[in-house]
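Asker: Below are the sequence and a predicted model for it; my questions follow.
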Amino acid sequence: MAIGFRHHLQQQLHRLAVNAGRPFVSWAEPWEGVDPVSFFMQGPSCGFRERFFWADRTGGTILVGLGSVYAIETEKADSRFDDVEAGRRRWKKEMEPYGAADAPPLLFGGFSFDPYRPGTDMWRGFPAGKLVAPAALLAVRNGKTTLTVTVPTDKRGRDWERVGRLLERISDPMAAPKRLPRLVSDEEEEKERWLAAVREAIASIRAGALDKVVLARARRLAFAKTVDAAAVLQRLREQQPFAYIFAFEQDGRCFIGASPEQLVQKEGKMCRSVCLAGSVRRGADMEEDERLGAWLRADRKNNEEHQFVVQMIGRLFSSVCETVEMPPAPQLLKLPHIQHLCTPVVGRGCRERSVLRLVEMMHPTPALGGTPRDRALEVIRALEPLDRGWYAAPIGWVDGEGNGEWAVAIRSALLAGKEAMLFAGCGIVADSDPNSEYEETNVKMAPMLSALGVMNDG
Ligand SMILES: C=C(O[C@@H]1C=C(C(=O)O)C=C[C@H]1O)C(=O)O
Ligand SMILES: [Mg+2]
């Protein structure tokens, strides 16, 4: 990008900062020709300690954030959604947006799965709830790219400096992401122990204590060198075209994944969700693939698993929307490694003003927790030794108007230095077979294994 343009942007910011009546000012400009992953890669060398990446299922919206000029963070289990929503409103009042009106500044963040469970050191930096306003946001919407820069008007803090550095470098030709390092060890929780937990869950369900519970397991990979989050991102973008591609990084620890599951989207008075539960692998050829798909559609156990989600989301949408539409029977969603039963839901005339309220009501759906919710959470606490952290929890963005989109952070891994911790779970119901459920979690880890270069896809 021309030097003149950079000066123009910096001058705008300075002029606005001097005259602004609020603590933060932002400026948005069309900024074509910058690749989202290259932009993500600029972060550390400009001094930004936080980075996020978001691409929606269609790839139509891509958001990449560097730095954090304004962060809302909470560890309060009871009030975490109130805390972040209050923070969002405060941010809106303190922030004066200028420039391209179609690229409003926004907050990006996530929540932990279960804030009532004590966290471990593994998830340091990923609290019960966190939203971040990036200093620099690259947004691609409908084929148009915009750069939005947000800085404090008192010119204190390091963000002016970092943004200045970024503007100097943003158009430099970028190096490719680092090559993925060699795997040196691979540990998973003992299979027998996990199967025993599943058997116990099945027994509780058959005894009538609950209807469904989702149990997860983890796999820890260690590599010869540090894993470059940008390299993993790039591979996920190539390999998982119909998933939400997300990354949330702070101080070198990056939670990253390719989730097919939308939790909720709000756009004005319209809201959407996708019920996703019930799974089978892809076939080796078209014939086998279709046979597996037909089996999944007809299978009683998988349909039961799925219907708990449809009932809950249908009921919830009915309580906050004037009208709710969903197809009468689930569709098949085919992803590179797995196929799912899928029921999209659209609600119109939504009475909630902020998508964060919808996130609060919906999390965890029976696709990630179980039915009834509280029983399922108790069973997870009792039977799952894992610290889920942000796995299986909401991740996404919200703007000043309360619009935004959130996915469920599955098919994911936490990258920390030379290590990657992968997570996968599955819905246990009365008719579950422990070994098939175990196999299902393996299939669900395949996308991350493949992005990490550990598994070769045939
Ligand atoms: C829990 C996960 O996936 C969830 C469980 C599914 C199932 O059990 O069939 C399907 C989709 C997801 O809602 C995961 O991928 O870790
Ligand atoms: Mg399942």
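Answerer: Looks like it came in fine. Ligands and ions are numbered 1, 2, ... in the order given.
Asker: Any idea what residue 259 is bridged to?
Answerer: Using DSSP bridges, the bridge partners assigned to residue 259 are residue 244.
Asker: Tell me who's in contact with it.
Answerer: The neighbourhood of residue 259, defined by Cβ atoms under 8 Å, 6 or more residues apart in numbering, consists of 243, 244, 246, 395, 407, 408, 409, 410, 411, 412. (Glycine included, C-beta is placed from N, CA and C.)
Asker: Those in strands, which ones?
Answerer: Judged by DSSP state E, these include 244, 246, 395, 407, 408, 412 as members of strands.
Asker: Among these, name the buried ones.
Answerer: 244, 246, 395, 407, 408, 412 (16 or more other Cβ atoms under 10 Å).
Asker: Tell me the predicted confidence for the nearest residue to the fifth one once chain neighbours are set aside.
Answerer: By that I understand residue 408. Nearest residue to residue 408, sequence neighbours excluded (Cβ to Cβ, 6 or more residues apart in numbering): residue 261, at 4.3 Å. What the model reports as pLDDT for residue 261 is 98.
Asker: And for residue 261, the neighbour number?
Answerer: Using other Cβ atoms under 10 Å, residue 261 has 25 other residues around it.
Asker: Settle this for me: it is touching residue 407, isn't it.
Answerer: Yes - using Cβ atoms under 8 Å, residue 261 makes contact with residue 407 at a distance of 6.1 Å.
Asker: Overlap of the contact sets of those two?
Answerer: Shared contacts of residue 261 and residue 407, defined by Cβ under 8 Å, 6+ apart, are found at residue 244.
Asker: Any idea which residue of the stretch 101-250 of the chain lies closest to ligand 2?
Answerer: Going by Cβ to the ion, ligand 2 is nearest to residue 214 of the stretch 101-250 of the chain, at 8.4 Å.
Asker: Mind exporting the C-alpha coordinates of the helix or strand bottoming out on mean pLDDT in the chain to CSV?
Answerer: Using mean pLDDT, DSSP states H and E, the weakest-scoring helix or strand in the chain turns out to be helix 3-19, at a mean of 73. This file holds the C-alpha atoms of helix 3-19, laid out as CSV (Å, rounded to 0.1, in the frame of the first residue of the first chain):
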residue,chain,number,x,y,z
ILE,A,3,3.2,5.4,1.8
GLY,A,4,0.8,8.3,1.3
PHE,A,5,-2.1,6.2,2.4
ARG,A,6,-0.4,5.1,5.6
HIS,A,7,0.3,8.8,6.5
HIS,A,8,-3.3,9.6,5.7
LEU,A,9,-4.5,7.0,8.1
GLN,A,10,-2.1,8.0,10.8
GLN,A,11,-3.1,11.7,10.4
GLN,A,12,-6.8,10.8,10.6
LEU,A,13,-6.2,9.0,13.9
HIS,A,14,-4.2,11.9,15.4
ARG,A,15,-6.7,14.5,14.3
LEU,A,16,-9.5,12.4,15.7
ALA,A,17,-7.7,11.6,18.9
VAL,A,18,-7.2,15.3,19.6
ASN,A,19,-10.8,16.2,19.1
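Asker: Quick check: what element follows that helix along the chain?
Answerer: strand 24-30 (DSSP states H and E).
Asker: which residues of this protein fall in helices?
Answerer: In the chain, the helices defined using DSSP state H lie at 3-19, 36-45, 80-94, 159-169, 191-206, 229-239, 286-298, 300-320, 355-362, 373-383, 434-451.
Asker: can you list the domains in this protein?
Answerer: Following automatic domain parsing, one finds the domains of the chain at 3-169, 183-245+260-451.
Asker: Confidence-wise, which of those is weakest overall?
Answerer: domain 3-169 - the lowest mean pLDDT of those, at a mean of 90.
Asker: Figure out how far that domain is from the centre of its chain.
Answerer: With Cα atoms, centre = their mean, to the nearest Å as the basis, domain 3-169 stands 16 Å off its chain's centre.
Asker: check whether it contacts ligand 1.
Answerer: No - under the criterion of Cβ under 6 Å from any ligand atom, ligand 1 is not reached by domain 3-169; the shortest gap measures 10.4 Å.
Asker: Give me the neighbour count for residue 157.
Answerer: Residue 157 has 12 neighbours, counted by other Cβ under 10 Å.
Asker: typo on my end, it should be residue 21
Answerer: The criterion is other Cβ under 10 Å. On that basis, residue 21 has 7 neighbouring residues.
Asker: That one: what's it in contact with?
Answerer: Counting by Cβ under 8 Å, 6+ apart, residue 21 touches residue 96.
Asker: Dump the buried ones among the ones in strands among the contacts of residue 259 into TSV; add distance to ligand 1 as well.
Answerer: Below are those laid out as TSV (distance: Cβ to the nearest ligand atom, whole Å):
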residue	distance to ligand 1
244	13
246	14
395	13
407	11
408	7
412	8
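Asker: Specify the beta-bridge partners of the residue in the stretch 151-300 of the chain that ligand 1 sits nearest to.
Answerer: With Cβ to the nearest ligand atom, the shortest gap between the stretch 151-300 of the chain and ligand 1 falls at residue 279, namely 3.6 Å. With DSSP bridges as the criterion, residue 279 is bridged to residue 340.
Asker: Could you list the contact residues of the stretch 251-400 of the chain toward ligand 2?
Answerer: Selection of the stretch 251-400 of the chain residues close to ligand 2 by Cβ under 5 Å from the ion yields residue 279.
Asker: The least confident helix or strand of the chain packs against which elements?
Answerer: Judged by 3 or more Cβ pairs under 8 Å, 6 or more residues apart in numbering; DSSP states H and E, the packing partners of helix 3-19 are strand 24-30, strand 95-99, strand 144-152, helix 159-169.
Asker: Can you give me the distance of residue 350 to ligand 1?
Answerer: Using Cβ to the nearest ligand atom, to the nearest Å, residue 350 is found at 23 Å from ligand 1.
Asker: Contacts only, for residue 323.
Answerer: Counted by Cβ under 8 Å, 6+ apart, residue 323 has contacts 347, 348, 349.
Asker: can you pick the most crowded of these?
Answerer: Using other Cβ under 10 Å as the neighbour test, these are led by residue 347, with 28 neighbours.
Asker: Just confirm that one contacts residue 268, I think it does.
Answerer: No - Residue 347 is not in contact with residue 268 according to Cβ under 8 Å; the separation is 11.6 Å.
Asker: what comes into contact with stretch 41-51?
Answerer: Contacts to stretch 41-51, defined as Cβ under 8 Å, 6+ apart, come from residues 40, 64-68, 132, 134-136, 158, 161-163, 165-166, 169-170, 174-175, 177, 229-230, 247-251, 254.
Asker: I'd like the distance from residue 368 to residue 382, if you could.
Answerer: Residue 368 is 17 Å from residue 382, where distance means Cβ to Cβ, to the nearest Å.
Asker: Beta-bridge partners for the residue most central in space within the chain, please?
Answerer: By Cα atoms, centre = their mean, the chain has its centre lying nearest to residue 395, at 3.7 Å. Note on residue 395: beta-bridge partners residue 110, residue 407, judged by DSSP bridges.
Asker: Does it touch residue 404 like I think?
Answerer: No - with contact defined as Cβ under 8 Å, residue 395 does not reach residue 404; the gap is 11.2 Å.
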